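> After the sequence you'll find the predicted model.
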Amino acid sequence: MMKKILSYIILILTINSCDKREIICCTNIDFGLDILIVNSDGINILDKIDGIASEDIRLFYKENAEWIEHFGYDQRNAKGMTTIDIDGENRLRVLLTPDDDKKDFTEIKIQFSENDFDLIKGEIDFSNGNVICRKVWCNGVLKWESYATERLITLIK
């Protein structure tokens, strides 16, 4: 009799301890964007002789309908972007950082000179505690929307 009572108590405790709600255990933050800058022949010109110097590039974020130039506290990434080398290819890496966790989109302007700039727009997904870029547009044209490929776009200068 005592074994039956103990078995029922264990069974009831086991059933009641199961929580059917999905528990979100982790947060994924993924909104980096790599940019190849090439000439009309498809040759990478970022930080190359007769190319575009990364220190001359300026980055602006759109906040409340105004373009605000990025000046960060991180000295390695003070301009909000960094140059990386992947397989011998220089890339510009920027963060499509949302300025508000209620906005679905973030916009940046990459300025190469006074009259030469590109507008980048990213769709940001805040579901399930995550912050993930799902789509990227460049100058109004959808350039990336798939996790089957890396988040990389090419700008022709």
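Thanks, I have it.
> switch to C-alpha atoms for all contacts and neighbour counts from now on
Noted.
> quick one: contacts for the nearest residue to Leu96 once chain neighbours are set aside?
Ranked by Cα to Cα, 6 or more residues apart in numbering and with sequence neighbours excluded, the top spatial neighbour of Leu96 is Phe31, at 5.4 Å. When contacts are counted by Cα atoms under 8 Å, 6 or more residues apart in numbering, Phe31 touches 95-97, 124, 131-133.
> quick one: which of these has the most company?
Cys133 (27 neighbours; other Cα atoms under 10 Å).
> For it, list each beta-bridge partner.
Bridge pairing for Cys133 (DSSP bridges) gives the partners Ile124.
> Go ahead and confirm Phe105 touches Phe126.
No: between Phe105 and Phe126 there is no contact under Cα atoms under 8 Å: 10.5 Å.
> Comparing those two, which residue is more hemmed in?
In terms of neighbours (other Cα under 10 Å), Phe105 is the more surrounded of Phe105 and Phe126; the figures are 20 against 16.
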